[in-house]
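Participant: next one to model:
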Amino acid sequence: MTAPAVEIEYLRKRYGGFEALAGVSLSVPRGSVFGLLGPNGAGKSTLVKSLLTIVRPTECRGNMLGAPIGHRKTLGKTGYLPEHARFPEYLTGRQVIAYSGGLAGVSSGDAKQRIPELLKLVGMAAWADKKVGTYSKGMRQRIGLAQALVNHPEIVFLDEPTDGVDPEGRIEIRKMIERMREEGRTVFVNSHLLGEVEQVADQVAILARGKVLQTGSVKELTQGEKRFEIRSLGPVPLDLRERLEKSGIKVAGDQILVPANDASEVQIVIDGLRTAGVVIRELKESRLSLEELFLSAVSNSREQGEGGAV
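Facilitator: Model (predicted):
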């Protein structure tokens, strides 16, 4: 069996009396897209920066790419796009990538061949020799992706990679992430855009208050609660909605979510809707969305008063 790209046995980070990471354990399979989800202040960026030794963890045990976390030579096999990446505005996009390649130890010959490929990959070939100061936020993100790949990394850390990118650009970045996986790279994505992570991630972890609450594939995490979704023609009448909600059924506009293990259990709800004159236009089995799972996990964490980042 192939060893994980990242295997965190125990990771803790304190800033004075504030515990940003409270003993995190995490495993990231090689060649996968791994999504780390969490509210603002959950500790996502701190976790990545600890793995890359940008910040010094208070306590850390684990391995990355087969070597102890923090191993200098292994860090040369990583790529990183930080959240709110800042590049000198007087440099061109081409120069930013070349500069990053130099910092990563990429030879000038390799960089000369690699940079045009990367510019084309991220859709910035036409802007390669324009200064970063003339770029939109989305264009800066694209150059940020390119510089993260200049050293042929085995694992790429992307912190909010679609931040400030328009819908078309987000689709393109998602395709780039999928291409990285096809090339055998491991992609570690921090994001608050749950819908996008749900589309691309093989595994996800939910981090809140400095602790990992849940981890697994999207399918594994969201298949726990069986339910059926009914769509009506128009909103459900208020009196019927109140009765349904009292019995534990969620109603939102024309959507009725019925927790049930079998379709036969939904019949009484359908009968009630028909008796009230509600026209049913759709009935299907559904599962929890990643967003619903995330909100439930974070809410439960707050109620239980777990320690760590908030």
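Participant: alpha carbons only for contacts and neighbour counts from here, please
Facilitator: OK.
Participant: residue 214 sits in which helix or strand?
Facilitator: Applying DSSP states H and E as the criterion places residue 214 in strand 211-216.
Participant: what pairs with residue 34 across the strands?
Facilitator: Beta-bridge pairing for residue 34 (DSSP bridges): residue 188, residue 203.
Participant: setting aside sequence neighbours, what's the nearest residue to residue 51?
Facilitator: Closest residue to residue 51 apart from its sequence neighbours, by CA to CA, 6 or more residues apart in numbering: residue 69 at 6.2 Å.
Participant: ignore the last one, residue 75
Facilitator: Leaving aside its sequence neighbours, residue 75 sits nearest to residue 52 (CA to CA, 6+ apart; 6.8 Å).
Participant: do I have it right that that neighbour meets residue 68?
Facilitator: No: using CA atoms under 8 Å, residue 52 makes no contact with residue 68, being 11.5 Å away.
Participant: which is the next helix or strand following the helix or strand hosting residue 270?
Facilitator: Secondary structure assignment for residue 270, by DSSP H and E: helix 267-275. With elements assigned by DSSP H and E, the helix or strand that comes after helix 267-275 is strand 280-286.
Participant: what angle do strand 211-216 and the helix or strand following that next one make with each other?
Facilitator: Note on strand 280-286: by DSSP H and E, the next helix or strand toward the C-terminus is helix 290-304. Between helix 290-304 and strand 211-216, the angle comes out at 150 degrees (axes from the mean of the first three to the mean of the last three CA atoms, to 10 degrees).
Participant: how is this protein divided into domains?
Facilitator: Domain assignment for the chain by automatic domain parsing gives 6-221, 227-286.
Participant: just those: most buried one?
Facilitator: By mean neighbour count, with neighbours taken as mean count of other CA atoms under 10 Å, domain 6-221 ranks first of the domains of the chain at a mean of 19.
Participant: pull up the distance across that domain, start to finish.
Facilitator: The first and final residues of domain 6-221 sit 21 Å from each other (CA to CA, to the nearest Å).
Participant: I'd like the average pLDDT over that domain.
Facilitator: Across domain 6-221, pLDDT averages out at 92.
Participant: I am finished for the moment; much appreciated.
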